[in-house]
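Undergrad: Mind looking at a prediction? Sequence and model below.
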Amino acid sequence: QVQLVESGGGSVQPGASLKLSCIVSGRTIGDYAMGWFRQAPAKEREFVAAISWGGRRTDYDDSVKGRFTISRDDAKNMVTLEMNSLKPEDTAIYYCAEHKRPTWWSARSEDEYSEWGQGTQVTVSA
């Protein structure tokens, strides 16, 4: 059974930084693209960032480009999302997800991901 567990969320002021981690158990992630999504209150879940298997390709939503960085450590079966210059509009529950097809790259659609974590709350407010 594959499990994804996110951590690192919290409450911070605008301009601060946070680093989210996602540890995967039950399957090695090396052949899978990994993604981060988020869901703000009363909004649909949306794509944030993704990284290809092998880490050669990344993709970011325009709203986070230049502020967030996704990375992976396959030896630790872990994906991280470094978030800098946080804004109130970044407030959401952040979810880690594993792509459903090995060695496949299509980053932005939720439908392409089959395994999800439980989410970690990020709150940005003054």
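TA: Looks like it arrived, so ask away.
Undergrad: quick one, phi psi at L4?
TA: phi -120, psi 130 (degrees, to the nearest 10).
Undergrad: my read: it touches W116, true?
TA: Yes - here L4 reaches W116: they are 6.4 Å apart, a contact under CB atoms under 8 Å. The way it works is simple: take the backbone N, C-alpha and C, and place the C-beta from them, glycine included.
Undergrad: These two: who's more crowded?
TA: L4 (23 against 17; other CB atoms under 10 Å).
Undergrad: ok, for that one, nearest residue in space, not its chain neighbours?
TA: Spatial nearest neighbour of L4, excluding adjacent residues (CB to CB, 6 or more residues apart in numbering): G117 at 3.6 Å.
Undergrad: got a list of what that neighbour touches?
TA: Q3, L4, V5, E6, C22, Y95, C96, A97 (CB atoms under 8 Å, 6 or more residues apart in numbering).
Undergrad: again, but for S25
TA: Neighbour list for S25: V2, Q3, V5, N77 [criterion: CB under 8 Å, 6+ apart].
Undergrad: so what's the second one closest to, chain neighbours aside?
TA: In space, and not counting its chain neighbours, Q3 is closest to S25: 4.9 Å by CB to CB, 6+ apart.
Undergrad: Pairing partners for the residue nearest to the spatial centre of the chain in the sheet, please.
TA: Centroid-nearest residue in the chain: W36, 2.2 Å away (criterion: CA atoms, centre = their mean). Beta-bridge pairing for W36 (DSSP bridges): A49, C96.
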